[in-house]
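J.: give me coordinates for this.
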Amino acid sequence: MKLGTSDDKADSDGDGIRDNEDKHPAGGGETYKITVHWRHNNQPFTTQFGIPEDKYLYYKTQKRTTSADGKFATSHDPVIQTIAKDIADASVSAGDSCKYCLAIDFVESMTYQYDIDYNSNIDYPKYAIETIVDERGDCEDTSFLMASILEALDLDTILLLYSDHMAVGFASNNCPGTFYNYQGRKYCFLETTNDPVSLGNYFTVWGKYMNEKPFVIEAN
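T.: Numbers count the residues shown, from 1 in each chain. Predicted coordinates:
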């Protein structure tokens, strides 16, 4: 037993990280205070929450696999659940029932950054919490974040992996643009980066990806 921890609890300080994987198992680590400013239909919103340093470091130290892994989407994480609730509340405040539309604007507040510029890796997928704390990421990172939020909003979600791009698909019978059929359901295409802004449409596959069949990854 480490000093200050409990033999009766696997997570002595209640931060969601098991003691044997926690940098500060007895507590005392820093809490990152995150404030995200975002807009929906020209209406400003602010989402605030705390992320324990140990939680961020836990995700940060996990072994990186290929981007084709749904584990990077973490809809059950309490922070993601908090964000989803805030988006649901904002949906009521804005009088807009399109929760995924608000989720787009929240995720779009993240700065786009290539992996090579982040840590000199060609491919370095991030967990959703990492992207939030770093406030930046590339298409795979914002896709994992978006999938996490949409799943937390009770929208069945998949990840769409193209030759050198990733986007999200959410289940709906009324897609506003491109859709794919997967396991008997229709999934609407959803872009998570700023790339298609000039096209004015986040729901239609663009560029060379129009001729590609994406590899489907199920969000965890």
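J.: tell me, please, where in this protein the pLDDT is lower than the cut-off.
T.: Applying pLDDT under 70 to the chain flags residues 1-28, 195-200.
J.: so which residue is dead centre in this structure?
T.: Leu145 (0.7 Å; CA atoms, centre = their mean).
J.: ok so that residue is a helix residue?
T.: Yes: counting by DSSP: H, G, I helix; E, B strand; the rest coil, Leu145 is found in a helix.
J.: checking Thr66 next. Helix, strand or coil?
T.: Under three-state DSSP, the three-state class of Thr66 is coil.
J.: mind starting the numbering at 873 from now?
T.: Yes, from this point I'll number from 873; that puts the last item at Thr938.
J.: okay, strands next: where are they in this structure?
T.: Secondary structure of the chain (DSSP state E): strands located at 903-912, 915-924, 983-984, 1008-1009, 1029-1033, 1038-1043, 1051-1054, 1057-1062, 1087-1090.
J.: just the CA atoms of the helix of greatest length in the chain, as CSV, please.
T.: Criterion DSSP state H: the longest helix present in the chain is helix 950-966. Listed in CSV are the C-alpha atoms of helix 950-966, where the atom choice follows Å, rounded to 0.1, in the frame of the first residue of the first chain:
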residue,chain,number,x,y,z
PRO,A,950,-17.0,11.8,-16.7
VAL,A,951,-15.4,14.9,-18.4
ILE,A,952,-17.0,13.9,-21.7
GLN,A,953,-20.3,13.3,-20.0
THR,A,954,-20.1,16.8,-18.5
ILE,A,955,-19.4,18.3,-21.9
ALA,A,956,-22.3,16.4,-23.4
LYS,A,957,-24.6,17.7,-20.7
ASP,A,958,-23.5,21.2,-21.3
ILE,A,959,-24.1,20.9,-25.0
ALA,A,960,-27.6,19.4,-24.3
ASP,A,961,-28.3,22.4,-22.0
ALA,A,962,-27.1,24.8,-24.6
SER,A,963,-29.4,23.1,-27.2
VAL,A,964,-32.3,24.1,-25.0
SER,A,965,-31.0,27.6,-24.4
ALA,A,966,-30.4,28.1,-28.1
